[in-house]
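Chemist: Turn this into a structure:
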Amino acid sequence: MQNDAPVESKYPPEVQTVLLGERTIILVGTAHISQQSADLARQVIELEKPDCVCIELDQKRYDALARKKRWEALDLKQIIRTKQLSTLAVNLILASYQKKLGAQLGVMPGTELLEAAQAAEDSHIPVALCDREVRVTLRRAWRATPSWKKSYLLANLMASLFDNTALDEEKLNELKQQDVLSELLNELGQSMPELKTVIIDERDTFLAEKIKASQGKKIVAVVGAGHLAGTIRALPEDGAARLAEINTIPPVSPVWKVLGWSIPAIIIGSIIFIALHKGGAVAGANIIYWILANGIPSAIGAAIALSHPFTIIGAFVAAPITSLTPVIGAGYVTAFIQVMVRPPVVREFETALDDMTTFKGWWRNKLLKVIMAFLLPGFGSMIGTWVGGAKIISNLF
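Modeler: Residues are numbered from 1 along each chain as shown. Presented below is the predicted three-dimensional model:
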C-alpha cells in the first residue's frame, strides 16, 4: 500500500490523516493524563463519524479502566499459580506513576481512551481494541533486557514511585502534550535501546496492523502521542508477517534451562559424593547446612515483610526445597500462603496505587504485603542457594 501525500488537516498537529488506497485513517495522538486529549478524541469522533474507532488498549487494560469494581474479579491465587505476580507488580508501579502525575494534572490516567470508547458507543460506532496484551509486552521487555541491566531497570521503576518532585507550570504543560508513560520508557530507552524496541517500536507495528485489520473505509485511531509518529510510519508497510513473532513471549533460552537444572544437580551430586567418600555423618551435616543457609534468609525476608507467622514458617520450609528446582521459587509459595491467611480486601486493591508511593504503605496494604512476601523470601532464598552451594562444593576437597 502507498501512503498518499499528507492531508491538510482542520485539527491541531496531534491529529494526523493517512490515506491508504481508498481508506482514510485519522490518528489522534493523546497524552494519557490530559483532559484536553479526551475532549479532542471525542470531537474528532463526533465530527468524522468513522466506520470504526480504534483505541490503544488491550482487553484487560480496557476492563481495568472501564469497570469501577474491577478488583473484585481479580483472583490473586490464580495470578500466583500462573506466575503472573511479577507482572502485576510492574503494572501497579507503572499505573502508580501515571496516577501520581494525573493527580497534579487533575485528570485520571486513561481518560482520553475511555472518552473515545464512550464517544463511539454514543454514536453506535464499533470499537476495536488494537494494543498488544500488556503481559506480552512486559515479558518481551524483560526477556530483551540484558541480565546486567535488569537491576538498573528495576531500580528506575522503583525510583519513579518515591519521586515526589512537584512539577512546575512549564513541565505540566509539556506533559499535557505527550504520552507520559511512553516518555518515561523513552528515557529508559536512551540507555536501554532493547527496551524501547519492545515497548515502543514493536507496538507501533502491532497498532498499525490492528488498525488496518479493522472494518470500514474511514477509521479514527486514538493512540498515545509517543506512538503517533511510529504508527504513521508503520501503516504503509506490510507488517502482518511480524505479528505472530512480536505477539509471542520468547521461550527461555536453553542455556538458562541448563543452568537452572545444573545448580540443583551439582548440589545433589556433591552431597552424594560426600556421603560416599566422607560418610553419612558429614553428608548429613552438609544437608543441615543447606537447609539453614536457605531457610533462614528466606524466613528473614518474610519477617521483614511483616508476613503472617505461617508465611515465615513456609519460607523456612520451602526455600531449601524450591532451591533445588527451577520450576517454582520460594517466593511463589510464600505469596500463596500469605494470600490464604491474610487476603487483601477490595479497599486495599483500590488504595494500592497510593500506598505504594510511601514506605509505610507497603507494610500497611495487604496486597503490597503479598508482593513483598513474594520478593523478599525469594531474594533470601537466592542468597542462601549461593552461600549453601559454595559451602557444600568446598567440602568436596
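
Chemist: export stretch 25-39 as PDB, just CAs?
Modeler: Below are the C-alpha coordinates for stretch 25-39, written out as PDB (Å, rounded to 0.1, in the frame of the first residue of the first chain):
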ATOM      1  CA  ILE A  25      -7.200   6.700   8.700                       C
ATOM      2  CA  ILE A  26      -7.300   9.600  11.200                       C
ATOM      3  CA  LEU A  27      -4.900   9.200  14.100                       C
ATOM      4  CA  VAL A  28      -5.400  11.200  17.300                       C
ATOM      5  CA  GLY A  29      -2.200  11.400  19.400                       C
ATOM      6  CA  THR A  30      -3.000  11.800  23.000                       C
ATOM      7  CA  ALA A  31      -1.500  12.300  26.400                       C
ATOM      8  CA  HIS A  32      -2.800   9.600  28.800                       C
ATOM      9  CA  ILE A  33      -3.500  12.100  31.600                       C
ATOM     10  CA  SER A  34      -4.900  15.100  29.700                       C
ATOM     11  CA  GLN A  35      -8.500  16.300  29.700                       C
ATOM     12  CA  GLN A  36      -7.600  18.300  26.500                       C
ATOM     13  CA  SER A  37      -6.800  15.000  24.800                       C
ATOM     14  CA  ALA A  38     -10.000  13.400  26.000                       C
ATOM     15  CA  ASP A  39     -12.000  16.300  24.600                       C
END
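
Chemist: buried stuff in it?
Modeler: By neighbour count with 16 or more other C-beta atoms under 10 Å, stretch 25-39 contains the buried residues 25-38. C-beta here means a position set from N, CA and C on the backbone, and glycine is covered the same way.

Chemist: Kindly report the same for stretch 376-383.
Modeler: 376-383.

Chemist: Counting only helices, which of the buried residues of stretch 25-39 make the cut?
Modeler: 35-38 (DSSP state H).

Chemist: and the buried residues of stretch 376-383, which of them are in helices?
Modeler: 376-383.

Chemist: From Pro326, how far out is Ser262?
Modeler: Distance of Ser262 to Pro326, given as C-beta to C-beta, to the nearest Å: 10 Å.

Chemist: Mind checking which of these two has more residues around it?
Modeler: Pro326 (16 against 12; other C-beta atoms under 10 Å).

Chemist: so where does the more buried one fall, helix or strand?
Modeler: For Pro326, there is no enclosing helix or strand under DSSP states H and E.

Chemist: can you pull the contacts of Ala315?
Modeler: Contact analysis of Ala315 by C-beta atoms under 8 Å, 6 or more residues apart in numbering lists 295, 298-299, 301-302, 307, 330, 333-334, 377, 380-381.

Chemist: Among those residues, the buried ones, what's the ChimeraX command?
Modeler: Burial among the contacts of Ala315 is assessed by 16+ other C-beta under 10 Å; the matching ChimeraX selection reads:
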select :295,298,299,301,302,307,330,333,334,377,380,381
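
Chemist: In helices, which of the contacts of Ala315 fall?
Modeler: 295, 298-299, 301-302, 330, 333-334, 377, 380-381.

Chemist: how about those residues in CSV, adding pLDDT and distance to Gly110?
Modeler: Below are the ones in helices among the contacts of Ala315 laid out as CSV (pLDDT from 0 to 100; distance: C-beta to C-beta, whole Å):
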residue, pLDDT, distance to Gly110
Gly295, 95, 44
Ser298, 96, 38
Ala299, 96, 40
Gly301, 95, 34
Ala302, 96, 35
Ala330, 91, 35
Val333, 93, 34
Thr334, 95, 33
Pro377, 95, 34
Gly380, 94, 37
Ser381, 93, 37
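
Chemist: Before we move on, what's the pLDDT of Phe397?
Modeler: Note on Phe397: pLDDT of 78.

Chemist: Apologies, that question was intended for Gly189.
Modeler: pLDDT, Gly189: 55.

Chemist: likewise Gln36?
Modeler: Per-residue pLDDT puts Gln36 at 81.

Chemist: Val223 now?
Modeler: 91.

Chemist: what does Val345 give?
Modeler: pLDDT at Val345 comes out at 76.

Chemist: Without its sequence neighbours, what residue ends up closest to it?
Modeler: Spatial nearest neighbour of Val345, excluding adjacent residues (C-beta to C-beta, 6 or more residues apart in numbering): Lys366 at 7.1 Å.

Chemist: I figured Leu40 hits Leu27, correct?
Modeler: No: the pair Leu40 / Leu27 is not scored as a contact, 11.8 Å apart, by C-beta atoms under 8 Å.

Chemist: Are there residues contacting both of these two? Which ones?
Modeler: With contacts taken as C-beta under 8 Å, 6+ apart, Leu40 and Leu27 have Val15 as neighbours in common.

Chemist: Tell me who's in contact with Asp51.
Modeler: 125-126, 215-219.

Chemist: what's the answer for Glu56, then?
Modeler: Counted by C-beta under 8 Å, 6+ apart, Glu56 has contacts 113, 130-131, 207, 221-224, 227.

Chemist: Same question for Leu375.
Modeler: Taking C-beta under 8 Å, 6+ apart as the test, what Leu375 contacts is 89, 301, 331.

Chemist: Can you find the helix or strand in this protein with the smallest mean pLDDT?
Modeler: helix 169-175 (a mean of 54; mean pLDDT, DSSP states H and E).

Chemist: where in the stretch 1-150 of the chain is pLDDT low?
Modeler: Within the stretch 1-150 of the chain, the stretches with pLDDT under 70 are 1-9, 32-33, 67-75, 97-109.

Chemist: go on, the stretch 201-350 of the chain?
Modeler: For the stretch 201-350 of the chain, counting by pLDDT under 70, the residues that fall below are 346.
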